[in-house]
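>>> sequence and predicted model, in that order:
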Amino acid sequence: METNTPGNYLNSLNDVQRQAVTTIDGPVLVVAGPGSGKTRVLTYRIAHIIQQGTAPWAIMALTFTNKAAREMKERIGKVVGPQADKVWAGTFHSIFARILRVEAEKIGYPSNFTIYDTDDTKSLIGTILQEMHLDRNVYNPNTVRSRISSAKSNLITPRLYAQNEELRNQDRMAKMPQIYDIYEKYVVRCKRAGAMDFDDLLYRLYELLQTNPDNILEKYRSRFTHFLVDEFQDTNHLQYSIIRKLVNFDNSPRNICVVGDDAQSIYAFRGATIQNILDFEADFKPFNIRVFKLEQNYRSTDHIVQAANVLIQNNSRQIPKKIWSDKGEGHKIKVLEAITDNEEGKRVIDTIVEQKNRFHLSNSDIVVLYRTNSQSRIFEEYLRRFNLAYKVYGGQSFYQRKEVKDLIAYLRLVVNMKDEEALRRVINYPKRGIGQTTVEKIGELAAATNRTMWECLLEVQAGARTANALTGFKEMIVKANAQLDTSDAYELAVHMAKQSGLLDDLKADTSIEGLSRKENVDGLLDAIKSFVDEDTVIDTQTLPDKSLATYLQNIALLTDADENADQRDFITLMSIHSAKGLEFKSVFVTGLEEKLFPSYLSMENAEGMDEERRLFYVAVTRAEQFLTLSYAKNRYRFGQMRINDPSRFLGEIPRQHLESTAYIRTGGEEAAVSTMSRVMGNFQKRTSASSPVLRADPKDFKPSASENIQAGMKVLHLKFGEGKVISIDGGKDNRIATIHFQDIDAPERRIMLKFAKLQILE
DNA sequence: GTTGGTATCTGTGGA
DNA sequence: AGATACCAAC
């Protein structure tokens, strides 16, 4: 339990934690293993800083996710009360966006700048490619995007990029020599559209501090006196450069605490670098840096902790540390083998049902993790079949659905008419007779005259019909724009949904998908309504209003995972990436196959492989009590069934932490078993005791219909042999038998009748 | 300009 | 398998 009384919060900490909390002057590096009470340290530290007399608004606490930020604020609130809201705690992107809203005009952006998401970025790059007559098949927009993104993350401007022989050579080798040019055009276009992409939210702030108009640097240096950075291992060079600007200067108190775990760095793919930890140590070494290592794990039982310890040692570089737990040995790790991805789904859900029954777990105790979001589908199907409540995080989020984005695009356009991506999206949706040709003409004119498409809207040659449509479109937006100051976000959104014809268009579609699209738009409108009604606005300090502009700012940086999960009791499905920082009693890590996990995209070099291993480490260490690993020997990918070897990571877990009972399929499993021991590498030395034994001859085995099985019957099970049904419980479609088997170690088994094959003997 | 059908491509993670 | 690009017919 949390301690809420001020003063005695220090008592609930161990020695190292307490030092990390109370050492508030000067630079501090906290190396925090999984489950080591990192969040607790951060929150108590903030509370401590406040209680030592610092104003809450002089504290900046940067996290990676809104979820982490919200949790932190809540927990600070418990210790210091309502002042917690005054702390500048949030994601890098949201805190920096907040500053930029105030300062944007100093670097040539409107204060109501739009935030381009990944789709906007990709589509803008697509447009530029088209204008440059470059082949999309050669210039993959995704590749181009990530090149641009990593350039920004490393403070490489278009000009520097053009001069950088190494980068240019890489591009030439990749047959994309023009990337530097695309980059430059992209930056110009974003600026002209009054838009910042995710990287700009960081980069433009850096630019602001670097160019220092009106001595703005001084303003923020003196405003914030204490800094905290969570998940420091996942920051990129650009983020660290900003921090350094704000913290590391002459006469600065350098009150900064960074918390991270090199073993949990999983965002190198988007520019994060462990180098930052090393740089931090070097940069602050002259200023009496203190390093604290949190090594006690309060989350998991020992088999889990030890397994994690061993497997991470396969990585080449790491800060030495030994995570330990005093939670007792706990349960061994279970491995599920399946023939197909579909069967994997079934076996995972079977195991979930079994665990729920045997250990009285709630749905919310359970998480199913996977490497790629596309793996969620099969689990969803089986969960539905079993009537188990679940929630899928990530994947296509609510705000990425077409119909939602459409309405939002209208709203964006009303707020910022220069927003080209929004304009392109809705100029002819719903259909109003402005075709592709016209849109292209407008785009070309805009590009040729260095203006926005909005300005060129009525200047292109077009037939009377089209010209009419264009005028109508423009007037509609202008009219709505005029209402910005008088209407709140909800009124305007409803107005636009109706006026644009979007609502009518959705109503006309009576298919099931059409209905759900309509529901989504209604859902969006509801969300806007509650934004207007509620007092809780993320950025109350800067924009304490209910305007559409404020609303758009708030949602641009929101992801599905940030929505307040309603209190219902559900099983969680998510990617391992989004599970970082979370914990569950029972964790399923699925799809442990070579080329999937580790991903084939990471297999080329050692760094990629190490990052995959860290990802596996993160997955494993989410578990408190139960850890189940699963893999399928065959899996559909790219529309084709592929054969996969089990992941090497399975082989890296020492045998003694694994449950010995190997899984055996009913029917033709001899082959399965031998394959398993062959491919599992380290598993090979298993003793005969661990190999599965058939207790019934498959040839004579004739399973009976499960409905007929009743308490008191004598039954035969292929693997467990003869047994007596003690009792039956569970619902009609979910009957579970408790069976006493004669000659196995743990004679009492609970078996789902729906799936178990049992032959009635008498 | 719009519609609908076919060919082609593409494939991690997320603020 | 699903999304998108492309093309031919209305």
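It's in. Residues are numbered from 1 along each chain as shown, chains lettered A, B, ... in the order given.

>>> what's the helix or strand hosting A:Ala69 packed up against?
Take DSSP states H and E as the rule and A:Ala69 turns out to sit in helix A:66-80. Contacts defined by 3 or more C-beta pairs under 8 Å, 6 or more residues apart in numbering; DSSP states H and E place helix A:66-80 against helix A:38-51, strand A:59-63, strand A:88-91. For glycine as for every other residue, the C-beta is placed from the backbone atoms N, C-alpha and C.

>>> now do stretch A:549-562: distance to the chain's middle.
Mean C-alpha position of stretch A:549-562 versus that of the full chain (C-alpha atoms, centre = their mean, to the nearest Å) differs by 15 Å.

>>> what about it, average pLDDT?
Here stretch A:549-562 scores 76 as its mean pLDDT.

>>> returning to what we had before: next, the buried residues of the helix holding A:Ala69.
A:66-73, A:75-80 (16 or more other C-beta atoms under 10 Å).

>>> which of the residues you listed lies closest to A:Val144?
Sorting these by distance to A:Val144 puts A:Asn66 at the head of the list, at 28.3 Å, by C-beta to C-beta.

>>> interface residues of the stretch 201-350 of chain A facing DNA strand B?
Residues of the stretch 201-350 of chain A that fall close to DNA strand B, judged by C-beta under 7 Å from any atom of the strand: A:Ala268, A:Phe269, A:Arg270.

>>> neighbour count and secondary structure added to these, as a markdown table?
A markdown table is the format used below for those (neighbours: other C-beta atoms under 10 Å; DSSP: H, G, I helix; E, B strand; the rest coil):
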| residue | neighbour count | secondary structure |
| --- | --- | --- |
| A:Ala268 | 18 | helix |
| A:Phe269 | 14 | helix |
| A:Arg270 | 14 | helix |
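
>>> just give me the residue closest to the centre of chain A.
Nearest to the geometric centre of chain A sits A:Ser578, at 3.3 Å (C-alpha atoms, centre = their mean).

>>> what is the burial count for the residue lying closest to it once chain neighbours are set aside?
The shortest distance from A:Ser578 to any non-neighbouring residue, by C-beta to C-beta, 6 or more residues apart in numbering, is to A:Gly394 (5.0 Å). Counted with other C-beta atoms under 10 Å, the neighbours of A:Gly394 add up to 17.

>>> what secondary structure does A:Gly394 sit in?
Here A:Gly394 is recorded as coil under DSSP: H, G, I helix; E, B strand; the rest coil.

>>> I'd say it and A:Ala579 touch.
No. Applying C-beta atoms under 8 Å, one finds A:Gly394 not in contact with A:Ala579, separated by 9.7 Å.

>>> check whether stretch A:463-479 contacts DNA strand B.
Yes. Using C-beta under 7 Å from any atom of the strand, stretch A:463-479 comes into contact with DNA strand B via A:Thr466.

>>> got the residues of the stretch 1-150 of chain A near DNA strand B?
So the stretch 1-150 of chain A meets DNA strand B at A:64-66, A:91-94, A:118, A:137, A:140, A:142, A:146, A:149 (C-beta under 7 Å from any atom of the strand).

>>> re earlier: and the buried residues of helix A:66-80 as TSV, adding pLDDT and distance to A:Lys322?
Below are these laid out as TSV (pLDDT from 0 to 100; distance: C-beta to C-beta, whole Å):
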residue	pLDDT	distance to A:Lys322
A:Asn66	79	33
A:Lys67	78	29
A:Ala68	82	26
A:Ala69	83	30
A:Arg70	82	32
A:Glu71	84	27
A:Met72	86	27
A:Lys73	84	33
A:Arg75	87	28
A:Ile76	87	30
A:Gly77	87	34
A:Lys78	87	31
A:Val79	85	30
A:Val80	86	34
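
>>> output the strand ranked longest in chain A as CSV, restricted to C-alpha atoms.
When chain A is parsed with DSSP state E, its longest strand is strand A:623-637. This file holds the C-alpha atoms of strand A:623-637, laid out as CSV (Å, rounded to 0.1, in the frame of the first residue of the first chain):
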residue,chain,number,x,y,z
ALA,A,623,5.1,-11.2,-14.9
GLU,A,624,4.5,-11.4,-11.1
GLN,A,625,3.7,-15.0,-10.6
PHE,A,626,2.9,-16.9,-13.8
LEU,A,627,4.8,-16.8,-17.0
THR,A,628,3.8,-18.8,-20.1
LEU,A,629,5.7,-18.8,-23.3
SER,A,630,4.2,-20.1,-26.5
TYR,A,631,5.1,-20.7,-30.1
ALA,A,632,3.6,-22.2,-33.2
LYS,A,633,5.5,-24.4,-35.6
ASN,A,634,3.5,-23.1,-38.5
ARG,A,635,2.1,-19.6,-38.9
TYR,A,636,0.3,-17.7,-41.6
ARG,A,637,2.3,-14.8,-42.8
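
>>> what helices or strands is the helix or strand that that strand is followed by leaning on?
Using DSSP H and E, the helix or strand that follows strand A:623-637 towards the C-terminus is strand A:640-643. Other elements packing on strand A:640-643 under the criterion 3+ C-beta pairs under 8 Å, 6+ apart are strand A:623-637.

>>> any part of the strand it packs on near DNA strand B?
Yes. Counting by C-beta under 7 Å from any atom of the strand, DNA strand B has neighbours in strand A:623-637: A:Arg637.

>>> so which bits of the stretch 601-750 of chain A are right by DNA strand B?
Selection of the stretch 601-750 of chain A residues close to DNA strand B by C-beta under 7 Å from any atom of the strand yields A:Leu601, A:Ser602, A:Glu611, A:Arg637, A:Phe638, A:Gly639.

>>> mind listing the helices for the stretch 251-400 of chain A?
For the stretch 251-400 of chain A, the helices defined by DSSP state H, counting those that start in this stretch occupy A:275-284, A:302-312, A:341-359, A:376-385.

>>> tell me which residues in the longest one are buried?
Think helix A:341-359. Residues of helix A:341-359 classed as buried by neighbour count (16+ other C-beta under 10 Å): A:341-353, A:355-357.

>>> just those residues now: which is nearest DNA strand B?
A:Asp341 (13.1 Å; C-beta to the nearest atom of the strand).

>>> count the neighbours of the closest residue in space to the closest one that isn't next to it in sequence for me.
Once flanking residues are discounted, A:Asp341 sits nearest to A:Arg635: 4.1 Å by C-beta to C-beta, 6+ apart. Counted with other C-beta under 10 Å, the neighbours of A:Arg635 add up to 22.

>>> okay, A:Arg635: pLDDT?
pLDDT for A:Arg635: 87.

>>> so it bridges to which residues?
Taking DSSP bridges as the rule, A:Arg635 bridges to A:Arg642.

>>> that one: what's it in contact with?
The contact partners of A:Arg635, taken as C-beta atoms under 8 Å, 6 or more residues apart in numbering, are A:Thr340, A:Asp341, A:Gly591, A:Glu593, A:Leu596, A:Met641, A:Arg642, A:Asn644.

>>> format these as a markdown table; extra columns: distance to DNA strand C and pLDDT.
Formatted as a markdown table, the contacts of A:Arg635 follow (distance: C-beta to the nearest atom of the strand, whole Å; pLDDT from 0 to 100):
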| residue | distance to DNA strand C | pLDDT |
| --- | --- | --- |
| A:Thr340 | 13 | 87 |
| A:Asp341 | 11 | 88 |
| A:Gly591 | 16 | 93 |
| A:Glu593 | 18 | 91 |
| A:Leu596 | 15 | 89 |
| A:Met641 | 10 | 79 |
| A:Arg642 | 12 | 81 |
| A:Asn644 | 17 | 84 |
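
>>> picking up where we left off before, list just the nearest of the residues of the stretch 201-350 of chain A next to DNA strand B to A:Gly328.
Of all those, A:Gly328 sits closest to A:Ala268, with 34.9 Å by C-beta to C-beta.

>>> I figured the closest one was touching A:Glu611, is that so?
Yes. Contact criterion C-beta under 8 Å: A:Ala268 and A:Glu611 qualify, at 5.2 Å.
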